[in-house]
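K.L.:
no letters, just coordinates:
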């Protein structure tokens, strides 16, 4: 993916997760997101923040996009490749999309979403999936305006579930 630039000096680039500086930048942005009420309101533990860059670097299908304004990180999109068994094609799950509070409202989220879609197409994915809190109205509006809709199959909506291990 090539860097994309907005008129106000914001660029989006594919993070090099093998480089410690990019991994630490991603971890810092995810920590900031975790501290936000929509991210749970509690930052990452020191152990998770320390481990995250290495885990991302070792994960064979993880990738991240970084948004930078005037050379400073202001947003991140962390993604993981999956597989659609119904289409026999890759999928991309947008696991985290986060913009620092001071940088919100400048179109950075849309720029990151466009970058994720471009990278997903480059990797041959048939779709991009994501999860969003029902009460995160700002994010839901952004995702809706970018073409995302509730997941469904045969007209039936699907719920996301988890089992902690």
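P.N.:
Yep, that arrived. Keep in mind that what you see is a predicted model, and the values were worked out from it rather than measured. Numbering: from 1, shown residues only.
K.L.:
which strand is the longest one in this protein?
P.N.:
The single longest strand within the chain, with elements called by DSSP state E, is strand 72-84.
K.L.:
counting by contacts, list what that one packs against.
P.N.:
On a contact count with 3 or more CB pairs under 8 Å, 6 or more residues apart in numbering; DSSP states H and E, strand 72-84 meets helix 20-35, strand 62-69, strand 89-99, helix 108-122. Bear in mind the C-beta positions are built from the backbone N, C-alpha and C, glycine included.
K.L.:
what angle sits between that strand and helix 108-122?
P.N.:
Angle, strand 72-84 to helix 108-122, by axes from the mean of the first three to the mean of the last three CA atoms, to 10 degrees: 40 degrees.
K.L.:
residues contacting the residue at minimal distance from the centre of the chain?
P.N.:
Nearest to the mean C-alpha position of the chain, counting by CA atoms, centre = their mean, stands residue 77 at 2.6 Å. Contacts for residue 77 (CB atoms under 8 Å, 6 or more residues apart in numbering) come out as 64-65, 94, 96-97, 112-113, 115-116.
K.L.:
next: residue 158.
P.N.:
Contacts for residue 158 (CB under 8 Å, 6+ apart) come out as 151-152.
K.L.:
now do residue 52
P.N.:
Taking CB under 8 Å, 6+ apart, we find residue 52 in contact with 23, 26-27, 30, 44.
K.L.:
among these, which pair sits farthest apart?
P.N.:
By the measure CB to CB, 23 and 44 form the most distant pair in the contacts of residue 52, at 13.3 Å.
K.L.:
poorly predicted segments of this protein, please.
P.N.:
Low-confidence segments of the chain (pLDDT under 70): 1-7.
K.L.:
residue 59 and residue 81, how far apart?
P.N.:
Going from residue 59 to residue 81 by CB to CB, to the nearest Å gives 10 Å.
K.L.:
and those two? which has more neighbours close in?
P.N.:
Ranked by neighbour count (other CB atoms under 10 Å), residue 59 and residue 81 place residue 81 first, with 17 against 12.
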